[in-house]
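Participant: Structure of the sequence below:
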Amino acid sequence: MKSQTTNDFLNSLGFTPAPFFHEYWSINEVIASCMDQKVKNDLDNLDIEFDGLVIKVNDNNLRELLGSTNHHPRRAIAYKYPAKQARTIINTIERQVGRTGILTPVANIQPVSLSGVTISRVALHNPDFIREKDIHIGDNVIIQRSGEVIPYIVCTIPELRDGSETEVTKPEFCPVCKESIHEHIAESGNTSYYCLNIICPASVKEKIKHFVSRDMMDIEGMGDAIIDAMVDHQIISTYADLYLLPQPQIRMVVKNIPGMGDKKIDWIIKGLENSKTKDLHKIIYALGIPQVGEKTAKILVDHIKKDSNFHTREINPLDKLIHYLSDQEFLSSIHSVWPQTIENMIDWMKHQGNIEILKKLETYGVQFGNFEEERVGSQRLQYLRFAVSGIFPISRDQIISTFVKQGAVYNPNITKNTNLVIAGLNPSSKIQKAQKQDIEISDDLKALESRYEVDFGIESVGLF
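Facilitator: Numbers count the residues shown, from 1 in each chain. Coordinates of the predicted model:
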């Protein structure tokens, strides 16, 4: 479909298409338009906030040829105009405690409007950023929104200082739990401040939010507000405590939290049960070890499985994991893992509190011996090439992984090899493309379970 036709179609439906819309036949014309100050001025005069232009290839054959990465299609790219800036004053500076205990300085500024948004807080990143920008409390500063999203201090204006400004001092205590602060100086010379109290409420909340996230243990229903309330009411103090929710006395206390009825609690308990059989790399990722992301976790698991001592049956899976993640020689043999990451893992494992959390997880039924390849059944669905579009009563990852583990191949885009599209509520234009190519479309998850002999873990018939 040509882009102009798309614009006309949107207009016919009552939408207001982009006011600036042109087709070009060479990249040089596109570049000239992006650099044209008149275009920028015309957009600035509209009653809409613009941060740039979107450039798309409108030839369907070229789009198919270009394909996509894991994150975005290659057929489109954004050209961003230079960010708008504004002047304001730093009133105070406070520190937020993150998941790893790191203290991040945040400036409270005089509210200022920038790109249609009123900004009153700006992250200062770390002590080195404050030193490099020569930031003082009371300073006049220039801010902008990086990517038109995140507020950022570009510079201070020293010539406007009147002597009332004060230097930013080193924190002595955690602003939440009041424990002493640890200063860490990296090999690069960068300085960071940490709260090392593993039961500091601020870092506990962030660790639990990380643990339950979709890409980790994927415990649905555990929203930020619920986690904050459970920690504030001292119902839980680690993410291992989440697995106590089925106990009657804990359940009764949790029911007193606003919005936590029996149905919601049952939903969360089901998510907790499902999480106990997650692949080992997901569990390692969920632990929140500094600098250990999903990719590193997968690399670790691959090397653990290749080690000759891995198949020793006398040692239980958790003890094996603790051994490997504490073994300097083993970890150093993995060339794709950075030395700092190795140091972080060993330090994490040295902390007895973390070992106790792992032991609790094991006691509550979390399985540390699950490896993705071991749980793959036959490759009986290797002929299946599928895509997914829309909203479902379960996570899309759950649908995708269920098929992939039986040999099916998932592609986020419709290709000439796609032979099934699984459609949920509010699907994208993939459905129209599938219809044009006469590709099978199914919106009945229970029917798919029966047909392909898989289990998505749902109980209701159809979508909802």
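
Participant: Which helix or strand lies directly C-terminal to the lowest-mean-pLDDT helix or strand in the chain?
Facilitator: When each helix and strand of the chain is scored by mean pLDDT, DSSP states H and E, helix 3-12 comes last, with a mean of 70. Following helix 3-12 in sequence order, the next helix or strand is helix 27-35 (DSSP states H and E).

Participant: So which bits of that following helix are buried?
Facilitator: Going by neighbour count (16 or more other C-beta atoms under 10 Å), the buried part of helix 27-35 is 30, 33. Glycine gets a C-beta too; all of them are placed from N, C-alpha and C.

Participant: starting at the chain centroid, how far to it?
Facilitator: Distance, stretch centre to chain centre, for helix 27-35: 34 Å (C-alpha atoms, centre = their mean, to the nearest Å).

Participant: and it, what does it pack onto?
Facilitator: When contacts are defined as 3 or more C-beta pairs under 8 Å, 6 or more residues apart in numbering; DSSP states H and E, helix 27-35 packs onto strand 52-56.

Participant: Now the strand it packs on: average pLDDT?
Facilitator: What strand 52-56 shows for mean pLDDT is 89.

Participant: Quick check: pLDDT value at the residue nearest to residue 402 when sequence neighbours are not counted.
Facilitator: Spatial nearest neighbour of residue 402, excluding adjacent residues (C-beta to C-beta, 6 or more residues apart in numbering): residue 454 at 5.1 Å. At residue 454, the predicted lDDT confidence score is 85.

Participant: Same question for residue 64.
Facilitator: Per the predicted model, pLDDT is 80 at residue 64.

Participant: Would you mind confirming that the residue nearest to residue 402 makes contact with residue 446?
Facilitator: No: if you go by C-beta atoms under 8 Å, residue 454 and residue 446 don't touch, sitting 10.9 Å apart.

Participant: is it fair to say residue 88 lies in a strand?
Facilitator: Yes: according to DSSP: H, G, I helix; E, B strand; the rest coil, residue 88 belongs to a strand.

Participant: which residues does it bridge with?
Facilitator: Under DSSP bridges, the beta-bridge partners of residue 88 are residue 141.

Participant: how much space is there between it and residue 107?
Facilitator: According to C-beta to C-beta, to the nearest Å, residue 88 stands 9 Å off from residue 107.

Participant: what's the answer for residue 274, then?
Facilitator: Counting by C-beta to C-beta, the gap from residue 274 to residue 107 is 42 Å.

Participant: and if you look at residue 77?
Facilitator: Residue 77 is 33 Å from residue 107, where distance means C-beta to C-beta.

Participant: more neighbours, the two?
Facilitator: residue 107 (25 against 13; other C-beta atoms under 10 Å).

Participant: Next one: the closest residue to residue 428 other than its chain neighbours from residue 427, what distance?
Facilitator: For residue 428, ignoring the flanking residues on the chain, the nearest one in space by C-beta to C-beta, 6+ apart is residue 389 at 4.9 Å. Distance of residue 389 to residue 427, given as C-beta to C-beta: 4 Å.

Participant: before we move on, what about residue 33?
Facilitator: Applying C-beta to C-beta to residue 33 and residue 427 gives a distance of 33 Å.

Participant: One more: residue 203?
Facilitator: Taken as C-beta to C-beta, the span from residue 203 to residue 427 is 40 Å.

Participant: quick one: which of those two has more around it?
Facilitator: Neighbours per residue, other C-beta under 10 Å: of residue 203 and residue 427, the larger number sits with residue 203, 24 against 18.

Participant: residues contacting residue 440?
Facilitator: Contacts for residue 440 (C-beta atoms under 8 Å, 6 or more residues apart in numbering) come out as 419-421, 434.

Participant: Derive a PyMOL selection command for the buried subset of those.
Facilitator: Selecting only the buried entries of these in PyMOL, with 16+ other C-beta under 10 Å as the criterion:
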select buried, resi 420+421+434
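
Participant: which among the contacts of residue 440 gets closest to residue 396?
Facilitator: residue 421 (12.7 Å; C-beta to C-beta).

Participant: wait, the closest one sits on residue 385?
Facilitator: No: using C-beta under 8 Å, residue 421 is not in contact with residue 385; the gap is 10.1 Å.

Participant: now the strands for the stretch 351-464 of the chain?
Facilitator: 385-389, 409-410, 420-423, 440-442 (DSSP state E, counting those that start in this stretch).

Participant: least reliable of those strands going by mean pLDDT?
Facilitator: Out of those, strand 409-410 stands lowest, with a mean of 82 (criterion: mean pLDDT).

Participant: helices or strands up against that strand?
Facilitator: Strand 409-410 sits against strand 385-389, helix 396-404, with contacts defined as 3+ C-beta pairs under 8 Å, 6+ apart.

Participant: Let me know which of those is tucked in deepest.
Facilitator: Highest mean neighbour count among the helices and strands packed on strand 409-410 (mean count of other C-beta atoms under 10 Å): strand 385-389, with a mean of 21.

Participant: partners of that strand in the sheet?
Facilitator: Sheet neighbours of strand 385-389, with direction, are listed as strand 409-410 (parallel), strand 420-423 (parallel) (DSSP bridges).

Participant: would JSON lines of those with distance to residue 19 be doable?
Facilitator: Conversion of the strands paired with strand 385-389 to JSON lines gives the following (distance: least, C-beta to C-beta, whole Å):
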{"stretch": "strand 409-410", "distance to residue 19": "38"}
{"stretch": "strand 420-423", "distance to residue 19": "33"}
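
Participant: for those, which one sits closest to residue 24?
Facilitator: Nearest to residue 24, of these and by C-beta to C-beta, is strand 420-423 at 32.5 Å.

Participant: which residue sits closest to residue 278 in space, ignoring its chain neighbours?
Facilitator: The shortest distance from residue 278 to any non-neighbouring residue, by C-beta to C-beta, 6+ apart, is to residue 217 (6.0 Å).

Participant: Can you say which helix or strand has residue 176 in it?
Facilitator: Under the criterion of DSSP H and E, residue 176 resides outside all helices and strands.

Participant: Use 14 as the first number for this chain going forward.
Facilitator: Done: numbering now begins at 14, and the last item shifts to residue 189.

Participant: okay but it is in contact with residue 212, surely?
Facilitator: No: Residue 189 is beyond contact range of residue 212, at 10.8 Å (criterion: C-beta under 8 Å).
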